[in-house]
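[1] sharing a sequence plus its predicted fold:
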Amino acid sequence: MASGGGGGGLGGGGGLGSSDHHKRNTFTSYVAPLPGDLRATADTNEWCLPSDLRDVHLAKPRLLQGEQIVASAPAYMYSAIDPMDSSALSTPSDSNSHKEATFGLLSVTNFKLAFVPLHAKRNPAASPLGDLYQENAYLGRNEITLNNIDQIYTIAELGRAASALQAARMAGQSSRRKKLEPFKQHNISGRIAALHVVCKNFRLLKFAFQQQDSKLSGASDHGKLIASALVRFAYPMRHDLSFAYAHREPYYSTLGATNTSMYATKNDWARELIRCGATEWQVVSSASVTLLQNPLQAGKYTVPPHFVIPKSCTVDRFLDLSRAFCDSRAAFWVYSYGSSAASLVRLAELQPAAQQDTKSENVMLELVRKCDDRRKLQLMQLTDQLPSIQDVLRAYQKLRRLCTPETPEKFMLQDDKYLGLLEKTNWLLFVSLCLKTASEAASTLRAGVTCVLQESNGRDLCCVISSLAQLLLDPHFRTIDGFQSLVQKEWVALEHPFQKRLGHVYPAQSTGSGTGSSSSNNSELLDSEQSPVFLLFLDCVWQLQHQFQDEFEFSQTYLTSLWDACFMPIFDTFQFDTQAQRSKAQRDSQLVLRPVWDWGEQFSDKDKMFFSNPLYQRQRGDLGAQVAAAAHRRSLAVGSRPGQGQGPGHGPGPGATSTPSRNTINPQLFVTVSTVPQDRYLQPAHKIFDLAVWDQCYYRWLPVLDIRGGGQPQVDLFNRLLLSNIAKVQRCVEFQNFEDLPDAFYEVTGEARPSLLRDERPEKEDEAEYVDGVERRRKVTKAGTPTNGLNSVNGNLQLSTLSSFFPFGNPIAGDAPHQLYDILSSSSELLLDTSSFLDKSSIV
């Protein structure tokens, strides 16, 4: 409620001394008038709009439960790069000033920045195909969450009564472009004619405001109203100011139908130990350790709720040694590989006060060495081999500037020397270093040697290298459920500081006499904490997926959607630094926890189809072996009751914390042999010239780079069509019914397709067919017209009209969306159904 009062003060704070109070209205109302209210459109037209634009107050954004509008103003929305039209740039008249823009209502809520067009110009032919593009249940296409906003720039007004077109073109004038700092919320001066909003997911939003002469009745600074609301709500100083705390809609999980392991219980870690055959390690639960439950002692440790330590070490001794390491991150087991169960271990560096005495580190490494059958160990110093989190941030900022040019002129200047500018960002260099280091770690484990990854706090680049090494070695983590389990284990359960690294919370301004130095110090602190380490990891995964296209079940669309989901405050997966913060928010603020892996909360079944890779095929016997192994692991890990086998020694004291029945897994529950396949490892090319730019993630918001009928989406759709045709042929052979052969068969053989159904119903355009009891619609073409689903003839599928950033970007006019939907849906079903009778050779 306080935010609404702040907005009202900005809108109606001026003109109190006017004597002509009948002609000048000083009251600003945020309650939209009723349609057709003449008083609102004539006497109290607070926005001073022409008669054909006064209905803009009806263009309200859709609000979620707990969402409130903070500020609204009419605005023009421009493309990220204005169209390359020389005539438009040379004509300063206002008659054509808004042909390249969309007029509507720009609103700031406590959740998002939303733009709703007043007159939606939709082509009827394009709207059906537009439904195939990704749509989020919480966000519209012209809406972004406040968490996604990174930088806000204002464009000062150019004289009196500046037009919106002039404001949009003033973006190239650096003297009029000013960045709004999070720590200077009340320092917005001058009239604002345009706003540029730079998002963390490489999106650039440009808005311009039609300004009026400040001496005219009812004139208001629309840009200042929106900018003030954005600076106030887009940079929260406390996490409980996030929209997640106001959104109290109940959540009903559907994750039970998946095999995603959340690593939130002791049994989750026990199953992973059993799967890897790691018999020399034990799971420790913080809730079972007396020392960690003591309020006077618990503050000395920052361990996660569940972690795996060497079995040869007692819990008390391990915790005592961990105090010498940063964030109490001593040797944590994450994975084992091979018959010798060589382990992958994460370890933080010694604290600065303890770096002179390395005794604690040597003791910890010796405990890890005892868990290896061959007593071999290799220590990899990631701090010396990889960039710092500050280096990653600088590379990300340079790459984003390269991908978000404000004007066509700047785009052309960057395009002329694009490769040189890309090299100077160092982003691909850091991706190359991560892949190289992960390959070395994977090779170490394949050689039967335990690998220890060490960095400053063990929670940043350790996550990257450890996750990539497991992707290279274990095909389970290349499935959708396995990859989600990997992220949960390495990033969420072991507490990567998402809140700091993604900038969900901005530290409060420190007190001091010099405001300038205080702001500078806070900016430096902010830069030292923020770093998109998770994006670096996703880019590395995309490089692997790009090189081994048939080894990953998920597609690049899945990875891009996962990066976007990092800025959805409704889902708690990427919103906290530690599990303790998450538990405290749930306990004290009744926060509703929603894991991001429940994709049905955001997307429809149609959108989730794009998450699957049509080229991926499980090896023969993988599915049956996986089910049998899961059942075996479940019976071993949770076969006994929680109280079974526990002796009477459960009282407080040192003996209670080191009792195996309390803090460790019973050795009899372990299998002695790892079930991880050892012949499915990947050896990626990691040199810079072997890498590519993740264009779907970085360039999808630039229409000028869109290639209709080109790019990876076209290859993906052709593969889906090929897979669909193969499945149709095999079904026809299996059931000895050849009426549903694909069109490609008749084109190759030259035979005529049976026209019985077309002769019986020649007047109908659409026809229903049932495949496995599921009704599907398809276009019926004229008799004698062979089609292959790839040509734009007589209403057939026009794949050439799809965007090269599909399913992102703006929809492009096309035809026969039902056929495209049929291809997508059938291929997604067949990815699961045909693994038993299709191998990779059948689709190569």
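    Everything's here; your move.
[2] please work out the average pLDDT along stretch 591-600.
    Taken as a whole, stretch 591-600 carries a mean pLDDT of 96.
[3] nope, stretch 65-85 is what I was after
    Mean predicted lDDT for stretch 65-85 stands at 82.
[4] give the buried residues for that stretch.
    Residues of stretch 65-85 classed as buried: 67, 69-82 (neighbour count, 16 or more other CB atoms under 10 Å). C-beta here means a position set from N, CA and C on the backbone, and glycine is covered the same way.
[5] okay, that stretch in CSV with CA atoms only?
    Once non-C-alpha atoms are left out, stretch 65-85 reads as follows in CSV (Å, rounded to 0.1, in the frame of the first residue of the first chain):
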residue,chain,number,x,y,z
GLN,A,65,-2.8,-13.2,-7.1
GLY,A,66,-1.1,-10.6,-4.8
GLU,A,67,0.0,-8.5,-7.7
GLN,A,68,-0.7,-4.7,-7.6
ILE,A,69,-0.2,-1.9,-10.2
VAL,A,70,2.3,0.7,-8.9
ALA,A,71,2.3,3.1,-11.8
SER,A,72,0.9,3.3,-15.3
ALA,A,73,1.4,5.7,-18.3
PRO,A,74,0.7,5.7,-22.0
ALA,A,75,3.9,5.0,-24.0
TYR,A,76,5.2,3.9,-27.4
MET,A,77,7.1,0.6,-27.5
TYR,A,78,9.9,0.4,-30.1
SER,A,79,11.7,-2.6,-31.5
ALA,A,80,15.1,-3.4,-30.0
ILE,A,81,16.6,-2.1,-33.3
ASP,A,82,14.5,0.2,-35.3
PRO,A,83,13.8,-0.9,-38.9
MET,A,84,16.6,-0.1,-41.4
ASP,A,85,14.5,2.5,-43.3
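[6] count of neighbours near Q151?
    Using other CB atoms under 10 Å, Q151 is surrounded by 18 other residues.
[7] whoops, V748 was the one
    Look at V748: counted by other CB under 10 Å, it has 10 neighbours.
[8] surely it is in a helix?
    Yes: the assignment for V748 (DSSP: H, G, I helix; E, B strand; the rest coil) places it in a helix.
[9] measure it to P742 for me?
    Noted for V748: a distance of 10 Å to P742, by CB to CB, to the nearest Å.
[10] likewise G503?
    Per CB to CB, G503 is found 50 Å from P742.
[11] these two: which is more packed in?
    G503 (22 against 19).
[12] list the contacts of the more buried one.
    Neighbouring residues of G503 by CB atoms under 8 Å, 6 or more residues apart in numbering: D150, K200, L526, E529, Q530.
[13] give the closest residue to the last one in space, chain neighbours not counted.
    It stands for Q530. G503 (4.7 Å; CB to CB, 6 or more residues apart in numbering).
[14] tell me the pLDDT at that neighbour?
    Per the predicted model, pLDDT is 94 at G503.
[15] can I assume it sits in a helix?
    No: when three-state DSSP is applied, G503 is found to be coil, with no helix at that position.
[16] what about it, distance to P250?
    29 Å.
[17] one more: F202?
    Distance from F202 to P250, by CB to CB: 34 Å.
[18] just want to know which of those two has more residues nearby.
    Ranked by neighbour count (other CB under 10 Å), F202 and P250 place F202 first, with 23 against 6.
[19] I'd say the more buried one and R401 touch.
    No: taking contacts as CB atoms under 8 Å, F202 lies outside contact range of R401: 10.1 Å.
[20] so Q282 sits in a helix?
    No: under three-state DSSP, Q282 falls outside any helix and is assigned strand.
[21] go through stretch 601-611 and flag the buried ones.
    For stretch 601-611, by 16+ other CB under 10 Å, it's E601, Q602, F603, K606, D607, K608, M609, F610, F611.
[22] one step back: so which of the buried residues of stretch 65-85 sit within helices?
    Members of these lying in helices (criterion: DSSP state H): none.
[23] tell me the one among these nearest to Q488.
    The closest of these to Q488 turns out to be E67 (CB to CB; 28.4 Å).
[24] looking at the buried residues of stretch 601-611, which is nearest K584?
    Distances from K584 to those, taken by CB to CB, are shortest for E601, at 23.4 Å.
[25] is it true that that closest one touches L64?
    No: taking contacts as CB under 8 Å, E601 lies outside contact range of L64: 12.0 Å.
[26] what residues of the longest helix that the chain contains count as buried?
    Counting residues, the longest helix in the chain under DSSP H turns out to be helix 712-735. By neighbour count on 16+ other CB under 10 Å, the buried set for helix 712-735 is 712-714, 716-717, 719-729, 731-732.
[27] doesn't C434 belong to a strand?
    No: going by three-state DSSP, the assignment for C434 is helix, not a strand.
[28] count the neighbours of it for me.
    When counting by other CB under 10 Å, one arrives at 27 neighbours for C434.
[29] mind listing what it touches?
    Counting by CB under 8 Å, 6+ apart, C434 makes contact with L386, L461, V464, I465, L468, L536, F537, C540.
[30] now do V345
    Contact analysis of V345 by CB under 8 Å, 6+ apart lists A331, F332, W333, V334, V368, T450, C451, V452, L453.
[31] on the three-state scheme, it is what?
    Of the three states, V345 takes strand according to three-state DSSP.
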